[in-house]
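Peer 1: Structure of the sequence below:
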Amino acid sequence: MDQNIKTKGYAATDDSGKLSPFEFERRPVGDDDILIDVKFASICHSDIHQEKGHWGPQKYPQVPGHEIVGVVAAVGKNVTKFKVGDRAGVGCMVDSCMECDNCTHGEEHYCERGQTLFTYGYPTEAEPTGISQGGYSNKIVVRDHFAVHIPEHISFEEAAPLLCAGITTYSPLMKANFKIGDKVGVAGIGGLGHMAIKLAVAKGAEVYGFTTSADKAKDILSWGAKEAVVVDSLDKLQAYRGQMDYMISTIPYAYEMSSYMDCVKPNGFFTQVGVPVGGQYTINNFNMMFNRVNYNSSLIGGIPETQEVVHFCADNGVVPQIEVINASQINEAWEKVVNKEARYRYVIDAATF
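Peer 2: Here you go, the predicted structure:
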């Protein structure tokens, strides 16, 4: 328990977006920690953005991955939340101050002291590599509070994407407080967007999926959406002007946002969760003046809400559409994600690291 944990994974060594096998050490299991033998870790577009330096310079080698599931292999002496053999998952953060108002009220991702430690690439003296290292690996050590239980009635493979794609869409959808039958628009139908559709449908919304990929229309309808809108030009959005009670966008590229906002009713809300290079979008203020739509953005969700979405999805059969791959296929999968070819979440078998 007092020894560093030898770990195998895949890491970026520069901003080329190419990953390679990497052997490293994680910190010993502390009194409040658990060690998880990782079974599966899935690929998020955020992994690609961060490792390519789209959101700022990075320290390498860096192991990405924040959709992690596995089995608890060891627990610290203070741990009561987990026992050896439990199924556990880790999402986008692994620590925080745990003392401020936000941290003690289930909003650890908004730590008021700025001490949220995200799962990979963030400075920490606790780790031998000097930064947090993510889930594209066969083991992870994490503070017990930041892991969630994975129920037996959902597979590891299907549970993994819930730790980011699930919670990142579930949290703002629940805060939107839409009513059964309300019209909810989802823009950008990838890993996050397809979960947003499934979650909104499961909560009783009349859902409209907006995509630039015509070949996704059939899938969108199969998930229970009322309509699949193929946005091959912004003119296609005119017919939906002022129709949505709420809209969430998972589009991870810079785009002209105002035309999508126009689809929301006056005084309605539009939430952006996808993040492009540099975090910048284009908004036309004339549109905003005339449509009077409220814009907000959202990060992920706190640990209690993450546990909530995992249980909700397990209990209601709301699972992502996945493709399981080996570690050697990671670079190919990343290219497919960038080229909008993923259908809809790649999940890595950690036994292949």
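Peer 1: Only C-alpha atoms from now on, for both contacts and neighbour counts.
Peer 2: OK.
Peer 1: And the residue with the largest distance to the centre of the chain, what's its pLDDT?
Peer 2: Among the residues of the chain, the one whose C-alpha is farthest from the average of all C-alpha positions is residue 290, by C-alpha atoms, centre = their mean at 32.8 Å. Per-residue confidence for residue 290 comes out at a pLDDT of 92.
Peer 1: now the helices for the stretch 201-350 of the chain?
Peer 2: Along the stretch 201-350 of the chain, counting by DSSP state H, counting those that start in this stretch, helices occupy 217-222, 258-261, 285-291, 303-316, 330-338.
Peer 1: could you dump the last one to PDB, C-alpha only?
Peer 2: Extracted in PDB, the C-alpha atoms of helix 330-338 (Å, rounded to 0.1, in the frame of the first residue of the first chain):
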ATOM      1  CA  ILE A 330      -6.800   4.300 -30.300                       C
ATOM      2  CA  ASN A 331      -5.100   6.500 -32.900                       C
ATOM      3  CA  GLU A 332      -7.400   5.300 -35.600                       C
ATOM      4  CA  ALA A 333     -10.400   5.900 -33.400                       C
ATOM      5  CA  TRP A 334      -9.300   9.400 -32.600                       C
ATOM      6  CA  GLU A 335      -9.200  10.200 -36.400                       C
ATOM      7  CA  LYS A 336     -12.700   8.800 -36.800                       C
ATOM      8  CA  VAL A 337     -13.900  11.000 -33.900                       C
ATOM      9  CA  VAL A 338     -12.500  14.100 -35.500                       C
END
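Peer 1: Use 343 as the first number from now on
Peer 2: Shifting the count to begin at 343 puts that one at helix 672-680.
Peer 1: Okay, buried residues for it please.
Peer 2: Within helix 672-680, the residues that count as buried by 16 or more other C-alpha atoms under 10 Å are 672, 675, 676, 679.
Peer 1: which secondary structure elements does it contact?
Peer 2: Contact analysis of helix 672-680 by 3 or more C-alpha pairs under 8 Å, 6 or more residues apart in numbering; DSSP states H and E lists helix 387-393 as its packing neighbours.
Peer 1: Quick one: mean pLDDT for the helix it packs on?
Peer 2: In this model, helix 387-393 carries a mean pLDDT of 98.
Peer 1: Determine the number of other residues adjacent to the nearest residue to residue 468 once chain neighbours are set aside.
Peer 2: With sequence-adjacent residues excluded and distances taken as C-alpha to C-alpha, 6 or more residues apart in numbering, residue 468 is closest to residue 369, at 6.4 Å. Other residues near residue 369 number 20, with proximity taken as other C-alpha atoms under 10 Å.
Peer 1: Which pLDDT value does the model give residue 369?
Peer 2: 98.
Peer 1: Quick check on it: phi, psi?
Peer 2: Per-residue torsions, residue 369: phi -60, psi 160 (degrees, to the nearest 10).
Peer 1: My read is that it contacts residue 470, right?
Peer 2: Yes: between residue 369 and residue 470 there is a contact at 6.3 Å, judged by C-alpha atoms under 8 Å.
Peer 1: hmm, back to that, need the contact list for the residue nearest to residue 468.
Peer 2: Listed by C-alpha atoms under 8 Å, 6 or more residues apart in numbering, the contact partners of residue 369 are 345, 346, 347, 468, 469, 470, 483.
Peer 1: do the same with residue 609
Peer 2: Neighbouring residues of residue 609 by C-alpha under 8 Å, 6+ apart: 633, 634, 635, 636.
Peer 1: ok, back up a step: could you identify which of the helices of the stretch 543-692 of the chain is most buried?
Peer 2: Ranked by average neighbour count under the criterion mean count of other C-alpha atoms under 10 Å, the helices of the stretch 543-692 of the chain are headed by helix 600-603 at a mean of 23.
Peer 1: Tell me the helices and strands packed up against that one.
Peer 2: Contact analysis of helix 600-603 by 3+ C-alpha pairs under 8 Å, 6+ apart lists helix 627-633 as its packing neighbours.
Peer 1: could you dump the helix it packs on to CSV, C-alpha only?
Peer 2: The C-alpha coordinates for helix 627-633 follow below in CSV (Å, rounded to 0.1, in the frame of the first residue of the first chain):
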residue,chain,number,x,y,z
ASN,A,627,-25.9,40.2,-31.0
PHE,A,628,-28.7,41.3,-33.3
ASN,A,629,-30.1,37.8,-33.1
MET,A,630,-29.8,37.9,-29.3
MET,A,631,-31.6,41.2,-29.1
PHE,A,632,-34.5,39.9,-31.2
ASN,A,633,-34.8,36.4,-29.8
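Peer 1: what comes into contact with it?
Peer 2: Under the criterion C-alpha under 8 Å, 6+ apart, residues 584, 600, 601, 603, 604, 606, 607, 608, 609 lie in contact with helix 627-633.
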